[in-house]
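A.B. asks: Predicted model and sequence follow; I will ask about them next.
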Amino acid sequence: METLLLQRIGPVLSVTLNRPEVKNAMSGAMVQELVAAFTQARDDAAIRAVLLRGAGGAFCAGGDIKDMASSREPEAMRTKNRSFGAMLELADTLPKPVVALVEGPAMGGGFGLACIADCTIAEAKASFAMPEVSLGILPAQIAPFVVARIGFTQARRLGVSSGRIDGREALRIGLAHEVAEGVADLEAKGVAALNAILRCAPDAVATTKALMRASQGGELGATLDRAATAFVAAVSGPEGREGTKAFVDKRKPSWAASVESLS
């Protein structure tokens, strides 16, 4: 990896965007490396969660404008833009939970990454925006994920104005789930979020994520039918048997794990 730092913290894959000299602006190379990291997380059963953050006090300043300008050929630009959307889709559909810790700027593509995380924790002074229209371009690939996360009306407000919001406003509109006061608190809240996830059964988590995605825009009756079938499989499966037995025995189930720090 040239643009990411990958680290295993117990059952967690820590993915750090690592271009601090440009506030972790996202190049084509970074997009491809994120695809590789998310694919690794998806396919490795030992990985239970993904931690996403940025190096050097910034989350992600958005797309690398210089990288975008390196090719003006329309089909090449379309392919590069669409590849970013494919990366977000891969992250959004990941069967493992994603926890994002946001400090500093989360602009454009960084805003999109914050939107696909299952748990986004923002430092109070973090800065979120979709600045694309102020540059005469579009938030093309992040738009569906932003709308799904914060709703049409808030997405429209921020999309047409390139308005900038802080961590507290991100919490208010549903972009962030928690606000941290400083970096130490951000890390502590990250540890707590990961440990809450690691107390849960991995297959049950994956199926729950899939059921929730299927409920978006799907026909309600069909969604509930699939949910009932999945419930029976879970209750009668190894996790259901182990979980209920552990409850009766007043012990932790076999999958329970924890992390003490993010380093």
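C.D. replies: Sure thing, it's come through. Numbering: from 1, shown residues only.

A.B. asks: Report all helices and strands that the helix or strand hosting Ile197 contacts.
C.D. replies: Using DSSP states H and E, the element containing Ile197 is helix 183-198. Here helix 183-198 touches strand 49-54, strand 98-102, strand 119-123, strand 178-180, going by 3 or more Cβ pairs under 8 Å, 6 or more residues apart in numbering; DSSP states H and E. For glycine as for every other residue, the C-beta is placed from the backbone atoms N, C-alpha and C.

A.B. asks: 10 Å - rerun?
C.D. replies: strand 12-17, strand 49-54, strand 98-102, strand 119-123, strand 178-180 (3 or more Cβ pairs under 10 Å, 6 or more residues apart in numbering; DSSP states H and E).

A.B. asks: Tell me how far it lies from the chain's centre.
C.D. replies: 15 Å (Cα atoms, centre = their mean, to the nearest Å).

A.B. asks: Give me the mean pLDDT for that helix.
C.D. replies: For helix 183-198, mean pLDDT is 98.

A.B. asks: Past that helix, which element shows up next along the chain?
C.D. replies: Using DSSP H and E, the helix or strand that directly follows helix 183-198 along the chain is helix 202-214.

A.B. asks: need the longest helix for the chain.
C.D. replies: helix 74-92 (DSSP state H).

A.B. asks: From the chain's centroid, how far away is it?
C.D. replies: Worked out by Cα atoms, centre = their mean, helix 74-92 lies 16 Å from the chain centre.

A.B. asks: list the contacts for the most centrally placed residue in the chain?
C.D. replies: Centroid-nearest residue in the chain: Ala117, 2.3 Å away (criterion: Cα atoms, centre = their mean). Residues near Ala117 by Cβ atoms under 10 Å, 6 or more residues apart in numbering: 50-52, 91-92, 94, 97-102, 149, 175-177, 193.

A.B. asks: Please apply the same query to Gly240.
C.D. replies: Applying Cβ under 10 Å, 6+ apart, the residues near Gly240 are Ala201, Asp203, Ala204, Phe231, Val232, Ala233, Ala234.

A.B. asks: Of all the helices and strands in the chain, which has the lowest average confidence?
C.D. replies: The weakest-scoring helix or strand in the chain, judged by mean pLDDT, DSSP states H and E, is helix 65-69 (a mean of 73).

A.B. asks: Flag every buried residue along that helix.
C.D. replies: In terms of neighbour count (16 or more other Cβ atoms under 10 Å), helix 65-69 has its buried residues at Asp67, Met68.

A.B. asks: Over to stretch 163-180?
C.D. replies: 165-167, 169-171, 173, 175-180.

A.B. asks: Report the buried residues of the helix holding Ile197.
C.D. replies: Result for helix 183-198 [16+ other Cβ under 10 Å]: buried residues Leu186, Glu187, Lys189, Gly190, Val191, Ala193, Leu194, Asn195, Ile197, Leu198.

A.B. asks: That one to strand 98-102, inter-axis angle?
C.D. replies: Counting by axes from the mean of the first three to the mean of the last three Cα atoms, to 10 degrees, helix 183-198 lies at 170 degrees to strand 98-102.

A.B. asks: Please export the C-alpha coordinates of helix 183-198 as PDB.
C.D. replies: Extracted in PDB, the C-alpha atoms of helix 183-198 (Å, rounded to 0.1, in the frame of the first residue of the first chain):
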ATOM      1  CA  VAL A 183      -8.500  13.500  19.800                       C
ATOM      2  CA  ALA A 184      -8.200  11.500  23.000                       C
ATOM      3  CA  ASP A 185     -11.900  11.400  23.400                       C
ATOM      4  CA  LEU A 186     -12.300  10.400  19.700                       C
ATOM      5  CA  GLU A 187     -10.000   7.400  20.200                       C
ATOM      6  CA  ALA A 188     -11.800   6.400  23.400                       C
ATOM      7  CA  LYS A 189     -15.200   6.500  21.700                       C
ATOM      8  CA  GLY A 190     -13.700   4.500  18.800                       C
ATOM      9  CA  VAL A 191     -12.500   1.800  21.200                       C
ATOM     10  CA  ALA A 192     -16.000   1.700  22.900                       C
ATOM     11  CA  ALA A 193     -17.800   1.500  19.500                       C
ATOM     12  CA  LEU A 194     -15.500  -1.400  18.300                       C
ATOM     13  CA  ASN A 195     -15.900  -3.300  21.600                       C
ATOM     14  CA  ALA A 196     -19.700  -3.000  21.400                       C
ATOM     15  CA  ILE A 197     -19.500  -4.500  17.900                       C
ATOM     16  CA  LEU A 198     -17.100  -7.200  19.000                       C
END
